[in-house]
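**Q** Structure for this input, please:
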Amino acid sequence: MEINESVLLAIKTELVAAKGELQRLENLTFASELKEVRIETLKQEIQQAEERLKG
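**A** Numbering: from 1, shown residues only. The predicted structure follows:
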């Protein structure tokens, strides 16, 4: 299935935002379960977006 240009652009935009948020969270010095859960969620979202861009 081919992804149209607007969907492709949206995926790329969300991927950049997710990577930025992930970097900010990883740089925070405090530890919390919520932070760790969000980091794992972002990593999964980034992986899924990258797979969609490749496919």
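
**Q** Which helix or strand contains Arg52?
**A** Assessed by DSSP states H and E, Arg52 sits inside helix 33-54.

**Q** repeat for Ile3
**A** Here Ile3 is assigned to no helix or strand, by DSSP H and E.

**Q** Just to check, it is in contact with Ala49?
**A** No - Ile3 is beyond contact range of Ala49, at 11.4 Å (criterion: C-beta atoms under 8 Å). Heads up, the C-betas are built off the backbone N, CA and C, glycines and all.

**Q** neighbour-wise, which of these two wins?
**A** Neighbours were counted for Ile3 and for Ala49 using other C-beta atoms under 10 Å; Ala49 has more, 19 against 13.

**Q** Now do the contacts for the residue nearest to that one when sequence neighbours are not counted.
**A** Among residues not flanking Ala49 along the chain, Leu15 sits closest, at 4.4 Å (C-beta to C-beta, 6 or more residues apart in numbering). Contact partners of Leu15, counting by C-beta atoms under 8 Å, 6 or more residues apart in numbering, are Ile46, Ala49, Glu50, Leu53.

**Q** measure Leu15 to Lys54 for me?
**A** Leu15 sits 12 Å away from Lys54, taking C-beta to C-beta, to the nearest Å as the criterion.

**Q** Also Ile3?
**A** 11 Å.

**Q** hmm, back to that, name the member of the contacts of Leu15 that has the highest neighbour count.
**A** Highest count within those by other C-beta under 10 Å belongs to Ala49, 19 neighbours.

**Q** Read off the pLDDT value for it.
**A** Ala49 carries a pLDDT value of 93.

**Q** dump the residue contacts of it.
**A** Contacts of Ala49 (C-beta under 8 Å, 6+ apart): Ile11, Glu14, Leu15, Ala18.

**Q** Show me just the buried residues among these.
**A** Ile11, Leu15, Ala18 (16 or more other C-beta atoms under 10 Å).

**Q** Right, I'll leave it there.
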